[in-house]
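[1] Structure of the sequence below:
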Amino acid sequence: MGKAKILSVLLMAVSVLLAQETGFEPPYQGLKLLGDSTALECPVCVTDMQKRAFRIIDQALPSGKEIETSPGFTLVRNGSCKDGELLMSSYLERKTVGEDPQKGRILAPLFVFYFHTKRHHLVGIKSEDMTGENADTQYGGAADGITRMFTGRLVLIPYGYGDGATFIYFQKENKIQVQCRILDLKRIE
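    Model (predicted):
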């Protein structure tokens with residue numbers, strides 16, 4: 001019984017480590033700093049806090065990083081997504097990071113993945129970093145308003161005009177848009 005129990009515990013520990021290894025979590029510390037920066041009045045303080053956040057996010061989201069869906073983590077397209085954007089099922093809404101007496105709730109940025117196709121892309125995206133037509137077909141047409149869930153894999157791609165190696169921060173919208181190429185996308189029916 002002793003050896004069987006030890007073996008069972010070891011197998012369970014390895015399973016947990018493998019699940020953690022394949023899972024993906026957004027860089028919450030950087031997102032919290034960006035959210036906190038929205039409550040500051042001092043422009044120099046805002047810029048400083050954003051620079052610190054960008055360094056953290058940049059380290060967590062390097063070009064070439066592959067992200068794969070897993071149990072409990074799917075990709076979602078809903079009415080708040082612009083064409084080419086996907087949300088994480090575990091991060092569908094901005095997270096509250098604090099409370100400000102004058103401004104109310106302080107929210108972390110919305111976190112979205114943005115893939116590029118011939119139909120929708122940003123200037124500066126190389127043709128080899130664009131997503132193929134099969135994934136775009138699975139995704140659906142522009143602004144059809146239907147909520148869809150997907151499994152799949154994506155790879156982060158470089159974007160030379162962003163706030164980091166792979167992302168843009170839209171301060172007015174309080175949104176981080178991570179540039180990617182879809183490797184595999186399957187609609188969950």
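[2] Next, the contact list for the closest residue to Thr69 other than its chain neighbours, please.
    Using CB to CB, 6 or more residues apart in numbering and skipping the chain neighbours, the partner closest in space to Thr69 is Thr151 (4.5 Å). C-betas here are computed from N, CA, C, even on glycine. For Thr151, the contacting residues are 69, 74-75, 185-186, 188, by CB atoms under 8 Å, 6 or more residues apart in numbering.
[3] Please identify the buried residues of the longest strand anywhere in the chain?
    Longest among the strand segments of the chain by residue count, using DSSP state E, is strand 175-188. Within strand 175-188, the residues that qualify as buried are 175-183, 185, counting by 16 or more other CB atoms under 10 Å.
[4] farthest-separated two in those?
    Taking CB to CB, the two most distant members of the buried residues of strand 175-188 are Lys175 and Leu183; they sit 23.6 Å apart.
[5] Name every strand pairing with the strand or helix carrying Leu87 and say which way it goes.
    Assignment of secondary structure by DSSP states H and E places Leu87 within strand 85-88. Using DSSP bridges, the strands paired with strand 85-88 are strand 75-77 (antiparallel), strand 110-115 (antiparallel).
[6] ok, then the element right after the longest one?
    Right, the one you point to is strand 110-115. That would be, after strand 110-115 and using DSSP H and E, helix 133-139.
[7] ok and the following helix or strand past that following helix relative to strand 110-115, angle-wise?
    The element immediately downstream of helix 133-139 (helix or strand, assigned by DSSP H and E) is strand 148-156. The directions of strand 148-156 and strand 110-115 differ by 70 degrees, with axes from the mean of the first three to the mean of the last three CA atoms, to 10 degrees as the criterion.
[8] any chance of the strands paired with strand 85-88 in JSON lines, plus mean neighbour count, distance to Leu87 and mean pLDDT?
    JSON lines is the format used below for those (neighbours: other CB atoms under 10 Å; distance: least, CB to CB, whole Å; pLDDT from 0 to 100):
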{"stretch": "strand 75-77", "mean neighbour count": "23", "distance to Leu87": "5", "mean pLDDT": "95"}
{"stretch": "strand 110-115", "mean neighbour count": "23", "distance to Leu87": "6", "mean pLDDT": "96"}
